[in-house]
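Student: predicted model and sequence follow; I will ask about them next.
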Amino acid sequence: MRNYKADTVAIRKIMADKGITTVVELSKISGVNRNTLGKVLDGTIQPSSDVMDKLVKGLDIEPQDAGLIFFKLDLRGA
């Protein structure tokens with residue numbers, strides 16, 4: 001079974017490129033609870049499909065990039 005992990009570095013880079021500096025700002029833009037976002041960004045949880053969808057829309061991520069960001073193969077998990 002393959003394990004996937006969100007590429008939090010890529011998400012943070014997109015945030016920076018768009019001038020989003022805090023989880024609170026991202027929460028307002030995306031409509032995702034800030035506590036959930038904090039866990040996603042620190043790698044504690046993998047975002048649900050609903051959270052992924054809201055982040056893709058809120059950050060205006062291209063679909064092909066979203067697949068690479070949210071379904072990065074986790075080589076550490078076995």
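Tutor: Now that the structure is in, tell me what you want to look at.

Student: and residue 40, which helix or strand is it part of?
Tutor: helix 34-41 (DSSP states H and E).

Student: do the same with residue 16
Tutor: Going by DSSP H and E, residue 16 is in helix 8-17.

Student: which strands and helices sit next to that helix?
Tutor: helix 34-41, helix 49-59, helix 63-70 (3 or more CB pairs under 8 Å, 6 or more residues apart in numbering; DSSP states H and E). (Each C-beta comes from the backbone N, C-alpha and C, glycine too.)

Student: most centrally placed residue in this structure?
Tutor: The centroid of the chain falls nearest to residue 11 when counting by CA atoms, centre = their mean (5.2 Å).

Student: what sits against that residue?
Tutor: Contacts for residue 11 (CB atoms under 8 Å, 6 or more residues apart in numbering) come out as 40-41, 55, 59, 69.

Student: can you count the residues close to the closest residue to residue 30 other than its chain neighbours?
Tutor: Nearest residue to residue 30, sequence neighbours excluded (CB to CB, 6 or more residues apart in numbering): residue 58, at 3.2 Å. Using other CB atoms under 10 Å, residue 58 has 18 other residues around it.

Student: residue 63 and residue 53 touch, don't they?
Tutor: No: Residue 63 is beyond contact range of residue 53, at 10.9 Å (criterion: CB atoms under 8 Å).

Student: could you list the low-pLDDT ranges of the chain?
Tutor: 1-2, 75-78 (pLDDT under 70).

Student: okay, buried residues for stretch 41-58 please.
Tutor: 41, 46-47, 51-56, 58 (16 or more other CB atoms under 10 Å).

Student: with stretch 14-22 instead?
Tutor: For stretch 14-22, by 16+ other CB under 10 Å, it's 14-15, 20.

Student: figure out how far it is from the centre of its chain.
Tutor: In terms of CA atoms, centre = their mean, to the nearest Å, the centre of stretch 14-22 is set 12 Å apart from its chain centre.
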